[in-house]
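Colleague: sequence first, predicted model second:
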Amino acid sequence: MSAARAPVSDRVDRARDRGEPSARAEDASAARRPRVDRAREVRCPRVITETRRGPDGAPRYRRYVRERLLGRGGFAAVFAVREMSTGRELACKVIAKSTLTKPRQWKKMKTEIEIHARARSERVVRFERCFEDERHVYILMEMCSSKTLWDIVKARGGMGETHAACYVREALTATAHLHSIRIVHRDLKLGNLFLTQEGLEEIDAAGPGWNDALGKRGGPGRLKIGDFGLACVLEHRGDRRKTICGTPNYIAPEVLRGKDGVGHSYEVDTWSLGVILYTLLYGTPPFQSKDVKLTYKRIRENDYEFPEEPLVSDSTKALIRAALHPEPSKRPSLAQFAAHPFMRLGARDWSLENELVAAPEPALIMDKPSINVKSRKLQERDNVVSNTNDAPLRSPLQTIDQNAPKHHAPSPRAEAKRERFSPEDAHNRDADRALLSTKLQVMSLDAPSSEAHEMLGYFPKLWVDSWIKWEYTRDYGMPYQLSDGTVGVYFNDDSSMVFMTDADDSPVVYTPPANERESSTRRDGDGDNSGETKRANVRIIGRTIINPDDARSMYGRAVAKKVLLAMHFRAYFLGKIEDTMNAVVRSCGGLRSVDDARLRSPHAMPPYVKHWTQSSKGISWRLSNKTIQTNFEDGTEMLISTTYRLVVRNDPRLGEQTVHSLDADNATFPQPLVDGLKHVQRILPALCTE
C-alpha cells in the first residue's frame, strides 16, 4: 500500500462484478461460520505512524494523533486524525488486516482506493493517500464536517424544494463528474453526502440553503460525495455489471435482478438521486419499510406514493417519477435532470458544467406526451422481473447512529387517482358535500368560552384575508391575499398563480387550466409579434415553480402575461401601489383570536385558493387546506373546516366570534349560522368544480 511495500495485486478487482450476490454473501460457507464484525476488529492506535522512503532510501515518518470516531461501517472505522507536524485535520478510514483474509478482499479494497484516487472533483471528498502498518490499512481523506445530509434530515425532517435544490445541484454535479470518467458510485444516499464545514455552519446559523455564496462553481460547497466502497469503473458505454450491492432504500430495481437481469450501469445513480430528492422533501425514503424484503418488493413493483403533506409542486414530482422509472433506459440522463426547472430554484443561472454534459450517459427525451398514470404503473409492474435475489447487502460505511427512518412509506395504490395531478380528488369533493349535507340538521348549543377557544385552536390557521373587488379585475381573475401573507391570483381560465415569497423576484407556483395539464407542446417561433399563439418550451403537467425572468422563454407568452398581472396585483396588497379607489376588501375577522399565528416558510410550497364563486349572498372560497370560507354581503363571515368538522362565524356588527362542532348532538345552531350553512350547501357544487 505504501511506496515501500505493496502487498495488493495491481490488477483492479473485477470479481464482485461477475454476479456474486453481495459482499456479505460472497461465500456460501460463511453462513455456517460466526460472522466477523470487520469494523469491530479495528484497534486503531492513539498515534498512527506512516513510514515511507525518501529519495535517499532512508525512512521518513509522519505521525497522526487519533481523535474522535466519525463513523463505523461493515468493513472499517473512520476517525478524525491530526497530523502532528502541521496540525492539519484529516479523516482516516481504518481497516483491520485481520478481516482481509482472502485475496479477493484485498483486491476489493485496492479497487476502492484506485477509484477514489481517480475521482478528483471539488464536490467529491478528496483522497489524500494510503499506507499500512502491521495491523491496519489507513486511507487518509479530506476532513469535511462530522455530519452527513442524513443527519440533518433525521434531526429536522423534510425541507422545502428550494432548500432541497441546493443539495441536489451539488450531488448531481459530483455524480456527473464521476460518470464523465466512467465511474458508477452505486451507493449514493444521504449518508454518503458529507456536509462541508461551510455547509454545516450555514445550517446552524439559519437553516439549509440560506447562504447564496455556497455552491458556486469553483467556490466552497455545501456537501461532498464520499465512500467508494461499492463503486466500479465501466470499460465502455455498453458495459454492464450484475453485482447485487447497495443500500436497501436506495437500490435500483435492475440491481436487484442480479445475474438474472441484463445488468446495470450509470442509470442506478440517477435512481439514487431520485430517492435522495424524495427523502429530502418528505423526510423518509419512498420505499421505506420495516422489513428489507418488503422494501425490495416495493422497489421491484415501483410501489410508492407522494404524501399530501408537505405540498410539493407537480413538476418536481414529475422529476422524481422520471428518476424512479423502473426501466433504466427511460430515466433522464444527468444532463436532462440538470435541465429541469427544479434545479434552478434559488439559483437561476445554474447549469451543469459543459464538460460534464457530454458524459457517457443514456439518452432520453423527457418532453414526451403524458400517458395515463394508472396504465403506466400497471405496465411497469407487468414488466418487472420477479425472480430476483434477496441476499443480504453490504453495509456501507455510515455515520454513527445513522439508523433507517422509522416511518412507514405507504403503499401507493391511490397513485392512479392523481392522474391529473390534483391534490384533491373527486372522493374528497364528494366528502365535502356529504359532510355539510348530513351535518346541516345536527344541532349544537354554543360551547363554553374556554371550550370554544380550545376548539378554535384546532381550526386550520389559514383564511382569505383580503381580495380586490371583482369589478376592477373581472377581465383577468380574482387576486387575493391569505392570512399568512401569500398572494395569489385565480385567473378566469381556471389557472392559478401564487408567490412563494414577498421578494420582488419571488418565484411563482403556477397551476395551469385543467384542459392543459396533460398537453405536450413546444415553442413555435422565436418570439416575433405575429398573431400565432406562442407555446411553451417546457411542458407544464401540474403545479410548477416558475422564475419570473424565465416565464416567457420557457413557458410562453400566455404564462408570462399572467406573471406580469400577478405582480401588478400583488403590489396593491403589499402597499407598493396606493389604493385610491378602495379596491382592496379585507376579511372581517378570520381567526385572529388564535394565539399561535401561522408562520410561513419562504421555501415551502405555499397554500392557495383552489376555487371561488360569487353570488348575491356573498363570495365563497375553497382553500387548498380544505377550508371553505364565505364572506357575506351583510359583513359576516363563516369558515368551515371539513377536516376538523368545525365552523367559525364572525359577526363584526355584534363583535362576536363563535365556534361550533358539526358533530355535536342535542342542541341547536343559531338561525344565522343555519342560514349560512344552507347557502354554502347550495353553492358547494360550483365551489368544488375543478
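Modeller: Okay, I see it. Numbering: from 1, shown residues only.
Colleague: which parts of stretch 632-645 are buried?
Modeller: Using 16 or more other CB atoms under 10 Å as the test for burial, stretch 632-645 gives 632, 636, 637, 638, 639, 640, 641, 642, 644, 645. Placement of C-beta: from N, CA and C, glycine included.
Colleague: show me what whichever strand or helix holds the fourth one is packed against.
Modeller: Here residue 638 sits within strand 637-641, counting by DSSP states H and E. Applying 3 or more CB pairs under 8 Å, 6 or more residues apart in numbering; DSSP states H and E, one finds that strand 637-641 contacts strand 627-632, strand 646-651, helix 671-687.
Colleague: what angle sits between the first one and strand 646-651?
Modeller: Between the direction of strand 627-632 and that of strand 646-651, the angle (axes from the mean of the first three to the mean of the last three CA atoms, to 10 degrees) works out to 20 degrees.
Colleague: mind listing residues that contact strand 627-632?
Modeller: Strand 627-632 has contacts (CB atoms under 8 Å, 6 or more residues apart in numbering) with 432, 460, 462-464, 585, 587-588, 617-623, 637-642, 676, 679-680, 684, 687.
Colleague: what about burial for those residues, which qualify?
Modeller: Applying 16+ other CB under 10 Å to these flags 432, 460, 462-464, 587-588, 617-623, 637-642, 676, 679-680, 684, 687 as buried.
Colleague: hmm, back to that, of all the helices and strands packed on strand 637-641, which lies closest to residue 127?
Modeller: Residue 127 lies closest to strand 627-632 among the helices and strands packed on strand 637-641, at 54.9 Å (CB to CB).
Colleague: export that closest one as PDB, just CAs?
Modeller: Output of strand 627-632 as PDB, limited to C-alpha atoms (Å, rounded to 0.1, in the frame of the first residue of the first chain):
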ATOM      1  CA  THR A 627     -61.200  25.200   4.500                       C
ATOM      2  CA  ILE A 628     -64.300  26.700   3.000                       C
ATOM      3  CA  GLN A 629     -64.800  30.400   3.600                       C
ATOM      4  CA  THR A 630     -67.800  32.600   2.800                       C
ATOM      5  CA  ASN A 631     -67.800  36.400   3.200                       C
ATOM      6  CA  PHE A 632     -71.500  37.500   3.100                       C
END
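Colleague: now that strand and strand 637-641, what's the angle there?
Modeller: Going by the same axes, to 10 degrees, strand 627-632 makes 170 degrees with strand 637-641.
Colleague: least confident secondary structure element in this protein?
Modeller: With mean pLDDT, DSSP states H and E as the measure, the helix or strand of the chain carrying the lowest mean pLDDT is helix 373-383 (a mean of 34).
Colleague: buried residues in stretch 224-243?
Modeller: Quick answer for stretch 224-243 (16+ other CB under 10 Å): 224-234, 239, 241-243.
Colleague: how far is that stretch from where the chain is centred?
Modeller: 25 Å (CA atoms, centre = their mean, to the nearest Å).
Colleague: endpoints of it, how far apart?
Modeller: 25 Å (CA to CA, to the nearest Å).
Colleague: show me what the mean pLDDT comes to for it.
Modeller: Stretch 224-243 shows a mean pLDDT of 90.
Colleague: could you do stretch 613-633 as well?
Modeller: Here the average pLDDT along stretch 613-633 is 92.
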